[in-house]
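Enquirer: just coords:
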């Protein structure tokens, strides 16, 4: 499977920083979601459309490695790559950098599983798997 990847650039908002002017650590998970959502959208789907197919996507695992701080008004880039696609789960890797300097800020990974409306693990919709590069078996 060729790796799917996309970049999203945005400025750090004041509300995302702590008293020291550094981005609060939990915001990096939100930025991962921004990247992941954009990557899925580039493949012709949105989260809302996936949910209409009867499957929600839930984070089952998340890891972050903090390398350097982002600060208010920095231009950051989130590079998101789909690194694993299975019938019931997808894994995304993220590299968050300062877009002006190229400095690495955070390396992260999340795994999302499909859940049906009753909260049980479910196959990802065939349309999503196909859009993301997985042929139906």
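Expert: Arrived safely. As the structure is a prediction and not an experimental result, all values here were calculated from the model. Numbers count the residues shown, from 1 in each chain.
Enquirer: Buried residues, the helix ranked longest in the chain. List them.
Expert: Counting by DSSP state H, the longest helix found in the chain is helix 27-42. For helix 27-42, a neighbour-count test (16 or more other C-beta atoms under 10 Å) marks 27, 28, 31, 32, 33, 35, 36, 37, 39, 40 as buried. (C-beta placed from N, C-alpha, C; glycine too.)
Enquirer: Pipe the residues you listed into TSV and attach distance to residue 82 per row.
Expert: Formatted as TSV, the buried residues of helix 27-42 follow (distance: C-beta to C-beta, whole Å):
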residue	distance to residue 82
27	22
28	19
31	17
32	13
33	14
35	11
36	9
37	13
39	6
40	9
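Enquirer: Switch those over to JSON lines; also include distance to residue 131 and pLDDT.
Expert: Converted to JSON lines, the buried residues of helix 27-42 look like this (distance: C-beta to C-beta, whole Å; pLDDT from 0 to 100):
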{"residue": "27", "distance to residue 131": "28", "pLDDT": "97"}
{"residue": "28", "distance to residue 131": "26", "pLDDT": "98"}
{"residue": "31", "distance to residue 131": "23", "pLDDT": "98"}
{"residue": "32", "distance to residue 131": "20", "pLDDT": "98"}
{"residue": "33", "distance to residue 131": "18", "pLDDT": "97"}
{"residue": "35", "distance to residue 131": "17", "pLDDT": "97"}
{"residue": "36", "distance to residue 131": "14", "pLDDT": "96"}
{"residue": "37", "distance to residue 131": "14", "pLDDT": "95"}
{"residue": "39", "distance to residue 131": "11", "pLDDT": "95"}
{"residue": "40", "distance to residue 131": "8", "pLDDT": "92"}
